[in-house]
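Undergrad: Just need the structure, nothing else, for what follows:
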Amino acid sequence: MTARRAMAALLRMALWTTVAFSGFTAAMAEEPVQRLQRATGLWKITPETSPFSWDICVDHAKDRLIDDDLWSDFEKECRIGSQQRDGDRYSFTASCPGAELTGKYAGNLDKAYTLTGDVTFQVNGKTEVQHHVLKASFEGECPADLRPGEKKMRGGMVMKSLYENR
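TA: Here you go, the predicted model:
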């Protein structure tokens, strides 16, 4: 991996950790067998591996759980290597720019779930792994000041809607 790609992977992971964490061609990601889409309303996301929690106002029809909370642009950038669904559990592996991603989902898309991800990448010839665990719970209707797709970070900052291009 070149230093530039390694730096890009590090920046992507740093942004994911601090902020939040489609027609396709053969070069783009396959659509997951189970596209995870949460119930419409307000969801509270609490990472176990980071102090940066957030609320997200979800519109079920536009929701992309993996894209929105694990890897930005996952469906456009990553190639799924394997995926498996077993009842309320879903797991996958994917190759993403500068990294390999392994993810697991367990729970109920109407009430609560846990999403885990291990991102493996190379830095200066050394393999690094970042482990992420997100716990989520449905909180009810979205407040009037939070539009669908917007994330409200702990502390009050509101991130623009993730749904602008969907």
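
Undergrad: Does anything pack onto the longest strand seen in the chain? Which helices or strands?
TA: In the chain, taking DSSP state E as the definition, the longest strand is strand 126-140. Strand 126-140 sits against helix 3-19, strand 41-47, strand 112-123, with contacts defined as 3 or more CB pairs under 8 Å, 6 or more residues apart in numbering; DSSP states H and E. For glycine as for every other residue, the C-beta is placed from the backbone atoms N, C-alpha and C.

Undergrad: tell me, which of those is the model least confident about?
TA: When the helices and strands packed on strand 126-140 are compared on mean pLDDT, helix 3-19 scores lowest, with a mean of 39.

Undergrad: ok, residue 81 - contacts?
TA: By CB atoms under 8 Å, 6 or more residues apart in numbering, the contact set of residue 81 is 92, 93, 94, 95.

Undergrad: Mind telling me which residue is nearest the centre of the chain?
TA: Per CA atoms, centre = their mean, the C-alpha nearest to the average position across the chain is that of residue 70, at 1.9 Å.

Undergrad: Wait, it touches residue 102, no?
TA: No. The pair formed by residue 70 and residue 102 falls short of the contact definition of CB atoms under 8 Å, at 10.7 Å.

Undergrad: what do these two both touch?
TA: Jointly contacting residue 70 and residue 102 under the rule CB under 8 Å, 6+ apart are residue 117.
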